[in-house]
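Enquirer: sequence unknown, structure follows:
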């Protein structure tokens with residue numbers, strides 16, 4: 001029988017690593033990039049156009065997502081295409097959206113009960 005640790009809190013180092021992953025999802029442009037890549041791999045230029053932001057901003061956010069090991073990067077001629085490497089990003093987004101939808105429904109019920 002496996003003994004359960006008396007201290008259920010992970011080490012500070014482990015918590016720091018977990019926080020770094022969650023921090024990646026804290027920027028709206030990065031979330032937009034993940035949403036755009038859900039359909040198919042896209043070039044930097046396509047993402048700039050879709051997200052209506054600067055090339056510098058898209059590149060910066062792509063770098064963060066790539067460094068977090070969430071994206072693949074592929075050079076095709078003079079363009080770089082990005083795709084999702086870690087599908088768990090969509091599960092995390094679904095969980096958050098479900099929570100927000102539950103809250104919105106609860107708020108709407110309260111509103112209509114007044």
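Expert: Sure thing, it's come through. Remember, it's a predicted structure, so these values are computed and weren't measured experimentally.
Enquirer: any idea how far residue 78 lies from residue 44?
Expert: 11 Å (Cβ to Cβ, to the nearest Å). Yep, even glycine has a C-beta here, placed from its N, CA and C like the rest.
Enquirer: Same drill for these two, tell me which one is more crowded.
Expert: Shown here are residue 78 and residue 44; by other Cβ atoms under 10 Å, residue 44 has more neighbours (15 against 6).
Enquirer: For the more buried one, list the residues it contacts.
Expert: 55, 58-59, 62, 79-80, 82 (Cβ atoms under 8 Å, 6 or more residues apart in numbering).
Enquirer: Kindly report the same for residue 32.
Expert: Taking Cβ under 8 Å, 6+ apart as the test, what residue 32 contacts is 50-51.
Enquirer: Mind checking which of the contacts of residue 44 are buried?
Expert: Neighbour counting with 16 or more other Cβ atoms under 10 Å marks 58, 62, 82 as buried within the contacts of residue 44.
Enquirer: so the first one, which of the three states?
Expert: At residue 58, secondary structure determined by DSSP: H, G, I helix; E, B strand; the rest coil is helix.
Enquirer: give me the number of residues near residue 81?
Expert: Residues near residue 81, counting by other Cβ under 10 Å: 17.
Enquirer: which of the buried ones among the contacts of residue 44 lies closest to residue 104?
Expert: Taking Cβ to Cβ as the measure, residue 104 lies nearest residue 58 of the buried ones among the contacts of residue 44, at 29.5 Å.
Enquirer: For the longest helix anywhere in the chain, list every residue counted as buried.
Expert: In the chain, with assignment by DSSP state H, the single longest helix is helix 88-113. Residues residue 89 are the ones in helix 88-113 that count as buried (16+ other Cβ under 10 Å).
Enquirer: can you pull the contacts of the residue nearest the centre of the chain?
Expert: Most central in the chain under Cα atoms, centre = their mean is residue 25, positioned 4.2 Å from the mean C-alpha point. Applying Cβ under 8 Å, 6+ apart to residue 25 gives the contacts 31, 89, 92-93.
Enquirer: Going by distance to residue 16, which of those residues wins?
Expert: residue 92 (18.5 Å).
Enquirer: Verify the contact between residue 93 and residue 37 for me.
Expert: No - in this structure, residue 93 is not within contact of residue 37 by Cβ atoms under 8 Å, at 11.9 Å.
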